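In: Need a 3D model of the following:
(2 chains, ligands or ions: 2)
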Amino acid sequence: MGFDMQAIKLTGIRKTFGHEVAVEKFDLTVNPGEFVTVLGPSGCGKSTILRIIAGLEEPDQGEVLLGERVVFSHEKGITVVPEDRDIGLIFQSYALWPHMTVARNITLALKNSKVPAVEIEERLENALKMVQLEGYGKRFPSELSGGQQQRVAVARLIAMQSPILLMDEPLSNLDAMLRTDMRSEMKRLHRKLNATTIYVTHDQVEALTLSDVVVIMNDGVVQQQATPYDIYHHPANLFVAEFIGDPRINMLPGGIRQENDSTYIDLGGFILPFQDVPVLKRKDVIVTIRPENIELSMSEKPDWLVMQLDTVQPMGSETIMQVSIGKILLTVTKSGFFHMDVGQSVWLKIDPAYFNFFDPETGINLNPNKKI
Amino acid sequence: MNISAKHTFSFRVRRLINTPERLLAAFFLVLLVFLVLTPLVEIIRDALSIQSYDLAYFPDAEEGSFTLFHLKRVFTGRLSKALFYQPMMNSLIVGTGVTLLAVVIGSGLAWLVVRTDLPFRVFFGSMAVIPYMMPSWVLALAWMTLFKNDRLGGATGIFTYYTGLQLPDWFSYGMFPIIICLAMHYYAYSYLLVSGALMTVDSEMEEAGAICGLSRFKRLLLITMPLLLPALGSAVVLTFIRILGTFGTPALLGLPVRFYTFSTRIYTSLNARNAGDGYVLALVLVALAILFIYINSRVLGVRRSFVTVTGKGFRQNPIKLGRWRTPLTVLVGLFTFSVVFLPLLFLGWESLLLHPGEYSFDNFTLHYWIGQASDDYVHGDAGILHNDQILAALGNSLKLGFSAAMINGLLGLLIGYAIVRTRGSWMSKSLEATAFAPYIFPSIALGAIYIGIFSTSHGPFPALYGTFALLVLITTVKNLPFTSRTGIAALLQIDKSLEEAARVQGIGWLKRMLHIIIPMSTSGLVAGMLLTFITAMRELSLIILILTPSTMVMTGLIFGYQSEDQSQHAGAVTLILVLIIIIANILVRRFFGDSLSRLTQSK
Ligand SMILES: Nc1ncnc2c1ncn2[C@@H]1O[C@H](COP(=O)(O)OP(=O)(O)O)[C@@H](O)[C@H]1O
Ligand SMILES: [Mg+2]
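Out: Ligands and ions are numbered 1, 2, ... in the order given. Alright, predicted model coming up:
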């Protein structure tokens, strides 16, 4: 497409509404052409970040760079109005103008910036084709379904050909089936448009499947910024560990013990030997392991832990099981469809190599670089 | 066979009693057709037939026989210019002028209060609706106090007193002050309608425009304005129709200089016992109103009202006024002060003058408030707090306000219920349309029509002319468009299943109404009743033709005092009236809370 890819850089952003801090010490660098997702529970400040980049909200502190251009700087007193930032934005509400036809919704901005009529026509056709809404140009937004409205918002974005795309939970108002379809659409779209994209969502599946980099936020503060792989495997803290992953990660309080040159970890109901001794100085930790990293057998295995099966939820491609020993509950997934009697014994293999260790007070990952 | 037929019959009766919505709808349809449509037919007939007072012109004719006499007189006769064309021109010019001014001021103020960072905007917002609670002619009274010249003889106003200058007639009376005073009152309607609409416009609509590179002005022009168009349209129609029917201000400021509008012409025609002319003029007014509504719906209706397409995340961010902030604050402050406080201040001042026209301190007295009747002063009437006539009028006004509010509340509930529960049937549609019909009658025209019909008895209705019941009836009918709408809105909120859950437990209709429907629709109903109360208390145009000494209300009394140049009494009684309305309003809001904050008289 006809533009240079642009980087986005935010440094030291802080934004308050009255006494409420919406965003604090926010740094983010998005490389040209990258697809970055901002993920977090609702109310954590995701929309605020997007609106700051778009210029719709003015931060109290910090600096925003789009490409080479400083569009906001508290120190230098620079603010570029949204009209001049040349970005595309999909609102969570879509913000389609209800009194204009689909075509006019898409072309208004182009007409305004005096794009030649022939080209406008071309871009309109092209945009409608890309979202599979050919022939819908004359309709009004209220005559479209939710999914079609969403696609109009996307078409508006496509026609603009902005080097930077911002999307605020664009799929959150769609039903589950449509959301899955549109998710792959969004990915295709990004590849085609090649624009630097920031995508806001509270849905971890969207974040993990779509992005080059995921930024996880909570209460206005960045918790971790990493590739989907690292977010999943090396969560920076307990919030990230718990927030990512479905079913949820297993979390157990544990104590580390040294006996006759060997190291053990006491997880309450059972004790595991530790092979590669990490640099852990602490005695008390919180240990996490993902459900799919625990092996489960229905027949007896030597050296494996025996536990009791509490619930079985076959999901189709995998089965989620809950097992317990004493007071300890664990979630385990096993691929395949299984019917089993609740209450029977099962045997588990828990490999400490999969463990992440967290400080019980601060929740910070004690060994974030550990290879898993 | 016989038994089963019996069963069916008793089943039907039970069903009718337990789900009486169709019965209710039919009943109200008949009632409203009688109250709203037959009067119209009746005055068309009267306008086209020889009346008893016409016999002076046609000694040989038979009363009631067909004639075009009235039409000819009004439209082509020697008097037609004075009777029809001049008043029509005046009404149209006043209507257009006021509507333009009022809509511009009202929507500008609404935008400032709802969408910008104007300081004290909550205060300004609540002040902006105060004129709505005052009679529309309070400003006209205040204008006279301030700018009266010596044309009429008698005392002059404050301006002349302090400057010694006589103001020209065009400034003191007639078209100019009428337009100004009406606009300063009727802007409140535009304010209410437009601020309501603005609150539903998601600011993301505008922000999306900003992202697309539209300038602030273009956003206003291409996005905000079109979204407000339906509300602006309603504001224009509402204001224009009200102005056509308004009587007080044109009478106070126009009659002294023989400046006639339709409404004052109807009044003088009927007073001069030329009812036929008055009816023809009233019909023209109705026709004008219908034409106007029709044009409006053709221009705007095609695209219907915009159901804004929003998902989650609805949010409004105040627009920064920047360097305009201070000047605009001063402007809005001055405006609020001069439309809300100044008029009342001047009327209070006027009420304290021993001798009218002398606005100095030594001339102050409380005589007109607390004095005993004595011949020392101009008219010898007792101060208003001792005055039986005034106390009686106060009693009547309150009685009118309360009874109209109660009846309208009940009617709004039942009609709303009948319409919502029979939704989709022709009965529902016709009932809704009929309940809305009084809207098209300008107030003075409806008054004229009601005199016409209720001077004789009709079926179960006795001749009501001169009775208090007629006042209540006409006030109720005039407020029906609004109350039935509140009723419908309230009932639509209540899901049918809530009532059905009670039905399956064997709870009868009356109990369901009492325990489910009424409690759940309280806030809407109370809002409707409060509005009826306010409208009834400050109403003049609607009832001026119907008032008799025994049914005199405050507004009529004030008008009387003013026409007899008892301006102190007029000022004092007006103050009391406004005070009562505002107190009632505060009390009701205190008891029923914020749910009333959206008190809009919408179309
Ligand atoms: N215009 C505003 N006025 C006041 N508070 C706001 C405003 N916008 C956002 N907030 C607050 O800032 C926080 C972050 O909001 P937002 O960015 O919309 O969260 P998210 O998009 O992650 O759900 C929330 O607590 C919200 O209440
Ligand atoms: Mg959000």
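
In: List the contacts of the nearest residue to B:Met537 once chain neighbours are set aside.
Out: Spatial nearest neighbour of B:Met537, excluding adjacent residues (C-beta to C-beta, 6 or more residues apart in numbering or on different chains): B:Gly401 at 4.6 Å. The way it works is simple: take the backbone N, C-alpha and C, and place the C-beta from them, glycine included. When contacts are counted by C-beta atoms under 8 Å, 6 or more residues apart in numbering or on different chains, B:Gly401 touches B:532-534, B:536-537, B:584.

In: same thing with A:Pro302?
Out: By C-beta under 8 Å, 6+ apart, the contact set of A:Pro302 is empty.

In: how close does B:Leu68 get to ligand 1?
Out: B:Leu68 is 67 Å from ligand 1, where distance means C-beta to the nearest ligand atom, to the nearest Å.

In: got a list of what that residue touches?
Out: So B:Leu68 contacts B:Leu48 (C-beta under 8 Å, 6+ apart).

In: Likewise for B:Ile43?
Out: Counting by C-beta under 8 Å, 6+ apart, B:Ile43 has contacts B:279, B:282-283, B:448-449, B:452-453.

In: Stretch A:85-102 - what's its average pLDDT?
Out: In this model, stretch A:85-102 has a mean pLDDT of 86.

In: That stretch and ligand 1, any residue contact?
Out: No - contact of stretch A:85-102 with ligand 1 is not found when judged by C-beta under 6 Å from any ligand atom; the minimum separation is 7.7 Å.

In: Using PDB, write out the CA atom coordinates for that stretch.
Out: Output of stretch A:85-102 as PDB, limited to C-alpha atoms (Å, rounded to 0.1, in the frame of the first residue of the first chain):
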ATOM      1  CA  ARG A  85      -2.500  12.400  13.200                       C
ATOM      2  CA  ASP A  86      -3.500  10.200  10.200                       C
ATOM      3  CA  ILE A  87      -4.500   7.100  12.000                       C
ATOM      4  CA  GLY A  88      -7.300   4.700  11.700                       C
ATOM      5  CA  LEU A  89      -9.400   3.800  14.700                       C
ATOM      6  CA  ILE A  90     -12.200   1.300  15.200                       C
ATOM      7  CA  PHE A  91     -14.300   2.200  18.200                       C
ATOM      8  CA  GLN A  92     -15.700  -0.400  20.500                       C
ATOM      9  CA  SER A  93     -19.200   1.000  19.600                       C
ATOM     10  CA  TYR A  94     -18.100   1.100  15.900                       C
ATOM     11  CA  ALA A  95     -19.300   4.800  16.000                       C
ATOM     12  CA  LEU A  96     -21.000   4.400  12.600                       C
ATOM     13  CA  TRP A  97     -22.900   7.600  11.700                       C
ATOM     14  CA  PRO A  98     -26.500   6.400  11.800                       C
ATOM     15  CA  HIS A  99     -27.700   9.200   9.400                       C
ATOM     16  CA  MET A 100     -25.300   8.300   6.600                       C
ATOM     17  CA  THR A 101     -25.300   5.400   4.300                       C
ATOM     18  CA  VAL A 102     -22.600   2.700   4.500                       C
END
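
In: how distant is that stretch from the center of its chain?
Out: 23 Å (C-alpha atoms, centre = their mean, to the nearest Å).

In: go on, stretch B:114-121?
Out: Distance of stretch B:114-121 from its chain centroid, counting by C-alpha atoms, centre = their mean, is 28 Å.

In: can you list contacts of that stretch?
Out: With C-beta under 8 Å, 6+ apart, stretch B:114-121 has contacts from B:112-113, B:124-125, B:195, B:198-199, B:203, B:316, B:318-321, B:325, B:328-329, B:332-333.

In: coming back round to it: where's the residue nearest to B:Met537, which helix or strand?
Out: helix B:388-421 (DSSP states H and E).

In: Now the residue of the stretch 51-200 of chain A found nearest chain B: which helix or strand?
Out: Nearest to chain B, among the residues of the stretch 51-200 of chain A, is A:Ala109, at 3.2 Å (C-beta to the nearest C-beta). Element membership for A:Ala109, per DSSP H and E: helix A:102-112.
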